[in-house]
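# kindly return the folded structure for what I paste below:
(4 chains, ligands or ions: 4)
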Amino acid sequence: MREAAVVSQPHPLQRIPGVAIVLVVLIALFSATAPGFLSGANLSNVLVQSTILTMLALPMTLIIMTEGLDLSMGAVLTLTSLCVAIVSLATQSMLLGLGAGLLVGAAFGTVNGWLVAILGIPPFVATLGTLGMAQGLSLIVSDGQSVVGIPHSVRDIYSSTLLGVPVPIVMALVTYAAFHGLLYHTRFGTYIFALGGNREALRYAGLSPNRLLIAVYAIGGAMAGIAGLLMTARMNSGHPTAGLGIEFDAIAAVAVGGTSFERGNGWLLGTLLGVIAVGVLRNGLNLISLPSSVQVASVGLLVIVALFLDGLRSRA
Amino acid sequence: MSTAAMPLDASSATPLLELRGISKAFPGVKALDEVSFAIYPGEVHMLLGENGAGKSSLMKVLCGAYSADAGEFAYKGEKVAISSTADAQKLGIAVIFQEFSLVPYLDIAQNIFLGREPKGRIPGTIDRRKILADARRVLATIGFDIDPSTIVEKLGVAQQQMVEIAKAISQNARILVMDEPTAALSDRETELLFALIARLKAEGVSIVYISHRMAEVFALGDRITVLRDGRRIDGVRPADVTPDQLVRMMVGRNVDMTYPRHFADRPGEVLLSVKDLTSPTGISDINIEVRRGEIVGLCGLVGSGRSEVARAIFGADPVTSGEIIFDGKSISGAPDVAARRGIALIPESRKSEGLALLRSVGDNLVVAALRKLFPSGLFDQRSAQRTSNNLIRQLRIATPSARQTVGLLSGGNQQKVVIGKWLAAGSKLFIFDEPTRGIDIGAKSEIFALIDRLVAEGAAALMISSEQIEICHVCDRAYVMREGRIAGHLTRSELTEENIVRLGMHHA
Amino acid sequence: MTDITKQAISPSRSLVSQEAIQVFYRLLAALLICAVLAVLSDSFLSLGNILNVLRQASLTFFIASGLTLVVLTAGLDLSVGANVALSACLAGTVIHQTGSPLLGIVTALVVGGAVGLLNGVMVTALRIPSFIATYGMLWVLNGLTYWYMAGDTIHGFPAGFRQIGSGYLFGLPIPVYLLLVFLGIGTLFAQRTIWGQEIYAIGANPVAARLSGIPVTRRLLLVYAVSGTMAGLASIIFLSRLNSAEADIGESLTLPAIAAVLIGGTSLFGGVGTVFGTFVGALILTLVLNGMNLLSVSANWQPLVTGVIVILAVWLDMKTRRRTQ
Amino acid sequence: DGETIAVFTKNQTNPFFQTVRVGADNMAKVLNAKTLHYIPTKPDSIPEQLSQIEDVVVKKPSAIVFTPVDYKAMVPGVEKINDAKIPVVNITDRSAGGKFLSFIGADDYSLGLETARYLLKALSGKGNIVIIEGVKGSLTNVDRVRGFNDALKENPGIKLLASQPGNYQRLQALQVMENLMQSNAQIDGVLAANDAMAVGAIEALDGANRKAQVIGINGTKEAIDAIKSGKLLASGDYNGFAQGCLGTMMAIRALREQPVINEIVLKPTIITQDNFKPFDVPLESRICPTFEEAVKLGVK
Ligand SMILES: Nc1ncnc2c1ncn2[C@@H]1O[C@H](COP(=O)(O)OP(=O)(O)OP(=O)(O)O)[C@@H](O)[C@H]1O
Ligand SMILES: Nc1ncnc2c1ncn2[C@@H]1O[C@H](COP(=O)(O)OP(=O)(O)OP(=O)(O)O)[C@@H](O)[C@H]1O
Ligand SMILES: [Mg+2]
Ligand SMILES: [Mg+2]
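Ligands and ions are numbered 1, 2, ... in the order given. All right, here's what the predicted structure looks like:
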């Protein structure tokens, strides 16, 4: 018989998702054609612009690993951003604003988790529903108007630096490190793999999949709260439609990053690559100024090409 | 295999764990009906019964995965409650489930200690070094030599079963439940497992063992409990019964376990002829011939490539070179072409490849025969219903109705549905990949009788089975595979277990 | 023979299938909404308003009916709205240039179908998850449409063509006839042909379906192409009803269509659902929006109410399913 | 010569912004400069326009002509442009903050007011009216609707039946109109906050075989065709073409150190059956106003 112990581990290169190849090609292309692309200021631009998406795509990775989805993220981001604006305007305190955003975000996340775990509603449906609710609430609390005049302390979050590194980048890096540690080095992270891979296994191990699932969605909501602070800081105002649709970008980043929608196979670094690829593409196209319609199609093409490359490689 | 400890006298000791009057109903099915069941320290307790008799259900109640509708538990004579898996674990109950409970993208060590990870220095983290060391130790005790940081997804079925065993062992359980643990194991691993069982028993661990294999029952068992239709029929000792008596208890009637066949005097014309077939899945230069009226065996060790041959013939895997001639004409391409030409594949994994688990029994039964039953392309629910009801009757599938969701049937009955769907399609060549895996003795003989009838009527069968004795009983002749190639051919008179093993082994 | 097998032989007692019961519940819900609206608003029960609701529901239904088939195979088509926009713009141009509505209709159906087919190719041959593939397609189509239209509006079509969307026949709007026709075709296709059965089987377990001899790739291509073609059809209705087309018309069409499919009881996991359910789903959604207009509820509340209804509908569906099983 | 002017508009889908872009292109061609267009891929997306500003600042165009997608939320973006010392002209919507060379726009309030007045006069000051609003909270919509309402106040004989949003979308306006016709047997006039919604409302009226006077805003080609055929009463001209021209002109003049006009608020023109001719020509062949004409426009 075949020797039991001989299990071929994949070559590390095999794990590189198509998006990494695309990313390298894009960077090479833009370096050659777009003046200023490689400048420090521009690279910092790309990274800062990617921070909000990073903070959503990382928890989205966890959620997708549980064979879930969170379509409400963009709408919740919008709502938390408004909450940050409204509360910090009323109290003149950035921290209270952040607290409000976190609270509302986590509440929505918990509701998502509750709908999915306890009521057993498919994640797509549950979060499509809460998307509508968050969007509606955004319109209602703001009456469709921008919220302006928020204190400077909020805005400074986005524009100040720490040891020469823009604060949003620091926040994104810390977030990445936290998620990395959480997923790969904690028991909770182990259970996230099990939530998607084999939920029964958790139950037999005496753990409550439902509570874990709610926690995962709640983390997603809370991250939308933190990202809401960044978003408000970035616009120096709250706006009732600002974040709509960003969840699809997050999902696309996760998908091209090599996380599959089945069986709990997730990869955080891939998600980060996906986010950066989207950022580089948008930035580079702005710099070389192709027609805007090309830009519209570009992210779609990125997704298709990256996954096409993945498909080619997995078949080879 | 000889076992060290003598069976305990049931009357002389208090049971370690006792279940009294357990009942459990599912919609439309009374899975358990006032079943009582006692486990004594250090015994191997065999649990037997037909498919759907309630064995797995009883064990799920025992380990807290299902809550019983009625009944009570006593641990060492004292009443206890088992309402969750955590309760059961506290009592030292561990289970090797019939369906795998592994997480694909975690490594072996994480799977073994899921929910019991050693704590690292930072709260919430895992002590990686300790978990690997612990896993290595557990794997060593069951004689499974593998790197514990291997991702489970990459393992074969047998290896996964070994991890499953390691996981249960690692809980240092006092009661270990094994639900058909050898169904996916090869001989070597089976031997390892039996040795392990002997060792555990010597340490005083009680083992509940569910199996459909008679040989195992007599080799391992200290005591036997038989279930039928959710009721406990009897408790006996192996020494006091014959296999035939046991089967009678399980099935309620006599079953001939030699699977009588009407061997044809003269084989018919060639139906399938495979020439120099090579495929990227690792098989090469396969030459096989199957004639009408024949059952041809395809044997070999697990991993020798039997399934791959079956899949390549059916068009489920691509073919690199070689030719498949079916019914006089060359055939190539996809499963739909093969199916339309009259080839049927009963795949080895019924859950992932054979059934739409959430659909009804009826829907699953007609799915392969749509084109044949409704040549006009127009589907008629009534006539589909009639066909499926006929099949349910013919195959004695235990289901409340054709409308029942197929995933709620017991494993054996699910297997019957997989076979049934190809009967409706009127195929000429049936390729069976482990058709009796997880099927009870009664059903097994029914299925073999069915295959016999099919080939007597002019069809042919190619049968893969890991149970050599079945091949010997029912096949006209057999090919033996080794490492992706045909290692030899055995005629009816040469067809013995020794010969199969000899040809199938390395450097024979 | 066991007791259980005996039961199996006696013919199944319930004559009505589970799906029929679920659709019945939905119709009941729709009637309930109607009753509430009739009490709250005098004008709700007028014939004109009822025809209105049907006509508005028809547009959502055309898109959602094709989508239903895709969802039945456990897929999703996020590009339907963008597909409607592109098809409408191209068809509009053809009608303008050639003056022939027929050519325009053919264009819309061909463009819509081709886009659908392309989605199918991505899902089958390239094995990209449908959710992602069609999201990519959505942006590619938007890019094409924006480029082609360059901010323009195409408007003003022959009166004959406009009858399709705004005309009446025996007192009923023509889209309502089309709705009935396609509801019939869709239901017959899904329930009464072997292709329909195969689609259900694929949605329930694609691997098992393939190994049961179903040509999965071809069926999936068919399903996506049908979904695209229905988007093309919807674009015709849109064109002839609004008498104009611009690049952004698709944006607000996709989510309501998905919502209609879900409210209609089709499961995103595939294998469960009906076209008729989707029709009722589209009806419920339209009724609610109609009611909010009639009662002059602020539009700020619309997303919230829609969200609640989607969740409620699916939850009730699951509840009632469990009970009747 | 040869300056590059980055032109920011809100979206690629609204015909109005196409007229702005063509105006900017025409003017740039006349003055031997180049334009680059920056348009969010998601219509009116605030984060995207902010990102585009950040990217463009790296690219350093000679000057920027800027339409904020949201007049309040884009202020940090404008400040970035200011920090990079790139001259910037504000067109269309007046930004709530930041430093601009000049502002060229139309006055949404008087546009709404004048267009509504025209319709109310046509109704001789009595009858039933509905308003179809644009996107809630957008600056243009708030001011236009305020204009509508003030015109209504001047006419006590007019009854406002409903004011419902159609989000500047044709289909939504059509459906809102259909629904409103059910609850209101007599509707004499429709005030729509843009042309697409006005045309949608007309289709709804046609479908129900009912008649009402309808006005829209923007002066798009389709509105002019509708006015020609007598279906639309009037459209308030927002003059996107001139905005694009003048914005670009001021940017280039500033670069060439020629005098610029700090503020031009274009007066509303009501396009009707009597005066549509000059508007009924293809965009590309329209001619930008000269600086002298602009000076006259700039005088309040
Ligand atoms: N979750 C469930 N829902 C509904 N019915 C169930 C469920 N689990 C088991 N059953 C039914 O209960 C009965 C007993 O099933 P069980 O799995 O215990 O049988 P088993 O003896 O283990 O059979 P096998 O040998 O085939 O594994 C069967 O009729 C089965 O269909
Ligand atoms: N020793 C092993 N090491 C790694 N993988 C194995 C081993 N044995 C079997 N497998 C895997 O288990 C699966 C079953 O093996 P395969 O189908 O090739 O053999 P088979 O002869 O058909 O065996 P079976 O009787 O299980 O059908 C394959 O996916 C194979 O890769
Ligand atoms: Mg079992
Ligand atoms: Mg095999």
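# by proximity to chain A, which residue of the stretch 151-300 of chain D wins?
The nearest approach of the stretch 151-300 of chain D to chain A comes at D:Pro165, 8.7 Å away (CB to the nearest CB). From N, CA and C alone the C-beta is placed, and that goes for glycine too.
# could you do chain B as well?
Counting by CB to the nearest CB, chain B gets nearest chain A through B:Gly115, at 3.1 Å.
# and that residue, how many neighbours does it have?
18 (other CB atoms under 10 Å in any protein chain shown).
# the residue of the stretch 151-300 of chain D closest to chain A and D:Asp274, how far apart?
Distance, D:Pro165 to D:Asp274, by CB to CB, to the nearest Å: 31 Å.
# out of the two, which sits in the more crowded spot?
Using other CB under 10 Å, the more surrounded residue of D:Pro165 and D:Asp274 is D:Pro165, with 24 against 9.
# get me the contact residues on the stretch 151-300 of chain B for ligand 2.
B:156-158, B:300 (CB under 6 Å from any ligand atom).
# do stretch C:205-216 and chain B come into contact?
Yes: applying CB under 8 Å from any CB of the partner chain, one finds stretch C:205-216 touching chain B at C:205, C:207-215.
# for D:Val20, the count of nearby residues, please.
By the measure other CB under 10 Å, the count of residues near D:Val20 is 30.
# test my guess that it contacts D:Asn239.
No: judged on CB atoms under 8 Å, D:Val20 makes no contact with D:Asn239 at a distance of 9.5 Å.
# state the distance from C:Gly48 to C:Leu54.
Distance from C:Gly48 to C:Leu54, by CB to CB: 11 Å.
# these two - which one has more neighbours?
Between C:Gly48 and C:Leu54, counting by other CB under 10 Å, C:Leu54 is the more crowded of the two (19 against 12).
# who are the packing partners of the helix or strand encompassing that one?
Taking DSSP states H and E as the criterion, C:Leu54 maps to helix C:47-72. Applying 3 or more CB pairs under 8 Å, 6 or more residues apart in numbering or on different chains; DSSP states H and E, one finds that helix C:47-72 makes contact with helix C:80-98, strand C:172-173, helix C:174-192, helix C:194-204, helix C:216-242, helix C:254-263, helix C:275-294, helix D:170-183.
# which positions in the first one come out as buried?
This means helix C:80-98. C:80-95 (16 or more other CB atoms under 10 Å in any protein chain shown).
# after it, next one along is what?
Going down the chain from helix C:80-98, the next helix or strand is helix C:101-124, by DSSP H and E.
# do that next one and chain B come into contact?
No: judged by CB under 8 Å from any CB, helix C:101-124 stays clear of chain B, getting no closer than 12.1 Å.
# now do the next helix-or-strand element following that helix and helix C:254-263, the angle between them.
Per DSSP H and E, helix C:101-124 leads on to helix C:130-149 as the next helix or strand towards the C-terminus. For helix C:130-149 against helix C:254-263, the angle by axes from the mean of the first three to the mean of the last three CA atoms, to 10 degrees is 150 degrees.
# contacting residues for C:Thr306?
A:132, C:256, C:259, C:285, C:288-289 (CB atoms under 8 Å, 6 or more residues apart in numbering or on different chains).
# quick one, phi/psi of it?
Main-chain torsions, C:Thr306, degrees, to the nearest 10: phi -60, psi -40.
# what sits against residue 39?
Let's take chain A. By CB under 8 Å, 6+ apart, A:Ser39 lies in contact with D:Val58.
# think we crossed wires, I meant chain B
Contact analysis of B:Ile39 by CB under 8 Å, 6+ apart lists B:15-18, B:45, B:175, B:206, B:208.
# if we go to 7 Å?
B:15-17, B:45, B:175, B:206, B:208 (CB atoms under 7 Å, 6 or more residues apart in numbering or on different chains).
# one more: B:Thr85?
B:Thr85 neighbours (CB under 7 Å, 6+ apart): A:203-204, A:206, B:63-65.
# just give me the closest of the residues you listed to C:Gly281.
For the contacts of B:Thr85, the residue nearest C:Gly281 by CB to CB is A:Arg203; the value is 33.6 Å.
# what's the separation between the closest one and ligand 1?
Between A:Arg203 and ligand 1 the distance is 13 Å, computed by CB to the nearest ligand atom, to the nearest Å.
# next: C:Ala57.
Counting by CB to the nearest ligand atom, the gap from C:Ala57 to ligand 1 is 39 Å.
# okay, now that residue: neighbour count?
Counted with other CB under 10 Å, residues neighbouring C:Ala57 total 26.
# any idea of the pLDDT on it?
Predicted confidence (pLDDT) for C:Ala57: 91.
# so who does residue 162 touch?
Reading this off chain A. Counting by CB under 7 Å, 6+ apart, A:Leu162 touches A:Val170.
# actually chain D
With contacts defined as CB under 7 Å, 6+ apart, D:Ala162 is in contact with C:296, D:130, D:180.
# give me the buried subset of those.
The buried subset of those - by 16+ other CB under 10 Å - is D:130, D:180.
# nearest to ligand 1 among the contacts of D:Ala162?
C:Ser296 (50.3 Å; CB to the nearest ligand atom).
# next, that closest one: secondary structure please.
Per DSSP: H, G, I helix; E, B strand; the rest coil, the local secondary structure of C:Ser296 is coil.
# phi first, then psi, for it.
Here is the backbone geometry of C:Ser296 (degrees, to the nearest 10): phi 50, psi 40.
# beta partners of the residue of the stretch 151-300 of chain D closest to chain A?
D:Glu133 (DSSP bridges).
# what residue, apart from its backbone neighbours, is nearest D:Gly147 spatially?
Of all residues not flanking D:Gly147 in the chain, D:Gly112 sits nearest, at 2.3 Å (CB to CB, 6 or more residues apart in numbering or on different chains).
# residue contacts, that neighbour?
D:143-148.
# the residue in the stretch 151-300 of chain A positioned nearest to ligand 1 in helix, strand or coil?
Using CB to the nearest ligand atom, the single residue of the stretch 151-300 of chain A nearest to ligand 1 is A:Glu200, 11.6 Å away. Here A:Glu200 is recorded as helix under three-state DSSP.
# assign a three-state SS to the nearest residue to it once chain neighbours are set aside, would you?
Spatial nearest neighbour of A:Glu200, excluding adjacent residues (CB to CB, 6+ apart): B:Ser101 at 5.6 Å. Of the three states, B:Ser101 takes coil according to three-state DSSP.
# isn't B:Ser101 up against A:Leu202?
No: at 9.1 Å, B:Ser101 and A:Leu202 do not qualify as touching, with contact defined as CB atoms under 7 Å.
# burial check on D:Pro289, number of neighbours?
Going by other CB under 10 Å, the residues that sit close to D:Pro289 add up to 20.
# now it: how far from ligand 1?
Here D:Pro289 is placed at a distance of 78 Å from ligand 1 (CB to the nearest ligand atom).
# does that residue touch D:Cys245 like I think?
Yes: contact criterion CB under 7 Å: D:Pro289 and D:Cys245 qualify, at 6.2 Å.
# just the buried residues from the contacts of D:Gly112, in PyMOL please.
Command for PyMOL, covering only those of the contacts of D:Gly112 found buried under the criterion 16+ other CB under 10 Å:
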select buried, chain D and resi 143+144+145+147+148
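# for ligand 4, what's its nearest residue on the stretch 51-200 of chain C.
Ligand 4 sits closest to C:Arg127 of the stretch 51-200 of chain C, with a gap of 23.5 Å, by CB to the ion.
# could you give the number of residues near the closest residue in space to that residue that isn't next to it in sequence?
In space, and not counting its chain neighbours, C:Arg127 is closest to A:Gly311: 4.8 Å by CB to CB, 6+ apart. Look at A:Gly311: counted by other CB under 10 Å, it has 16 neighbours.
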